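**Q** A structural model of the following input is requested.
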Amino acid sequence: LSLVLSLGATKDMGKMLGGDEEKDPDAAKKEEERQEALRQEEEERKAKYVKMEAEREVMRQGIRDKYGIKKKEEKEAEAQAALEANAEGSLTRPKKAIPPGCGDEDEDEEESILDTVIKYLPGPLQDMLKK
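**A** Predicted structure coming up:
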């Protein structure tokens, strides 16, 4: 059997039969280099997408400027500013800003209703309520 097989073939046969595998002394170094290459590729890929997104944003802003469209954040900021402005105005509003007759008519109506009720009461009760 050994006459037929060459020296290299016997080493491979030994591995297949469960023998000790040869340990590559540079295996750790190669694995570290491979991991570093993967990290570098990932960083390059991320940088590429950041650059592409920046270019797209420039194009989007050009379209927004051309058609007068505002970004979602800008709309929200303007709405918030409008709410704050309205809140300020309502807190410092002068009393005269109430439309004329809004508060005064209610008291007049109550008095006129009371007068109407008094008219229908018997005389002694009318005298008591008028005092």
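**Q** which parts of this protein are strands?
**A** Counting by DSSP state E, the chain forms no strands at all.
**Q** in it, which helix has the most residues?
**A** The longest helix of the chain (DSSP state H) is helix 27-67.
**Q** point out where the protein drops to low pLDDT.
**A** Across the chain, the ranges flagged by pLDDT under 70 are 1-23, 86-111, 129-131.
**Q** do that again at 80, thanks
**A** 1-25, 84-131 (pLDDT under 80).
**Q** contact partners for K30?
**A** K30 makes contacts with D24, as judged by C-beta atoms under 8 Å, 6 or more residues apart in numbering. C-beta: built from backbone N, CA, C; applies to glycine.
**Q** for D26, what are phi and psi?
**A** Dihedral pair for D26: phi -100, psi 10, per degrees, to the nearest 10.
**Q** that one and E32: what is the separation?
**A** Look at D26 and E32: by C-beta to C-beta, to the nearest Å, they are 10 Å apart.
**Q** how about I113?
**A** Taken as C-beta to C-beta, the span from I113 to E32 is 95 Å.
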